[in-house]
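>>> show me the folded form of this:
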Amino acid sequence: MTRSHEPLIRLARFKVEELQKQMAELDRSKQALTQQIERLEASVPEEQAAATESKDGYLAYGSYAQAVIKRKENIRASLHEVESQSDALRDRLSEAFQELKKYELMEERRLARAEAAFRSAEQAEMDELAQNRHRRAH
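Numbering: from 1, shown residues only. Have a look, this model is predicted:
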């Protein structure tokens with residue numbers, strides 16, 4: 001009889017779960033970066049309004065605007081990097097799912113063969129009993 005594929009299934013399932021956790025972490029990172037960009041964009045009109053109230057505010061706004069632009073560029077670069085990691089991880093996760101499915105199918109086939117062998121042996125035993133009864137009866 002062939003060996004069980006359960007250890008391979010458990011290992012493949014663990015790998016899938018770990019990759020899913022990593023994907024969730026990347027998704028949280030993407031969301032946090034997107035929220036940072038949104039907060040920066042939301043702060044610009046407030047700062048523009050404050051800048052019009054005084055000459056110092058007006059002069060400081062230029063530096064502030066440049067800092068916001070640079071910060072958004074940095075966050076977008078980080079976001080792009082996280083998205084690249086996410087794409088690569090999505091590919092690895094897809095491969096891990098396929099591997100898990102392969103092992104699960106192998107185990108299903110093994111169990112089906114074992115069940116068929118059991119039924120065949122059971123049927124052979126029943127046939128032998130029937131033949132013995134038939135011989136004794138005649």
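>>> how many other residues sit next to residue 9?
18 (other Cβ atoms under 10 Å). Every residue, glycine included, has its C-beta placed from N, CA and C.
>>> equivalent analysis for the one 10 residues further on, please.
Residue 19 has 18 neighbouring residues, counting by other Cβ under 10 Å.
>>> excluding covalently adjacent residues, which one is nearest to the most centrally placed residue in the chain?
By Cα atoms, centre = their mean, the chain has its centre lying nearest to residue 20, at 3.1 Å. Excluding the flanking residues, the one nearest residue 20 by Cβ to Cβ, 6 or more residues apart in numbering is residue 93, at 6.8 Å.
>>> sticking with the one you found, tell me its helix or strand.
In this assignment (DSSP states H and E), residue 93 forms part of helix 55-137.
>>> which other helices and strands does that helix contact?
For helix 55-137, the packing partners by 3 or more Cβ pairs under 8 Å, 6 or more residues apart in numbering; DSSP states H and E come out as helix 6-51.
>>> so what's the gap between the helix it packs on and the chain middle?
Remark: helix 6-51 is offset 13 Å from the chain centroid, using Cα atoms, centre = their mean, to the nearest Å.
>>> check which helices and strands that helix sits against.
Going by 3+ Cβ pairs under 8 Å, 6+ apart, helix 6-51 lies up against helix 55-137.
>>> where does the chain dip in pLDDT?
For the chain, applying pLDDT under 70 flags the ranges 1, 57-58.
>>> again, only using 90
1-5, 41-66, 124-138 (pLDDT under 90).
>>> quick revisit: contacting residues for the residue nearest to residue 20?
Residues near residue 93 by Cβ atoms under 8 Å, 6 or more residues apart in numbering: 16, 19-20, 23.
>>> got it, and residue 5?
Counted by Cβ under 8 Å, 6+ apart, residue 5 has contacts 103-104, 106-107, 110.
>>> no further questions, thank you.
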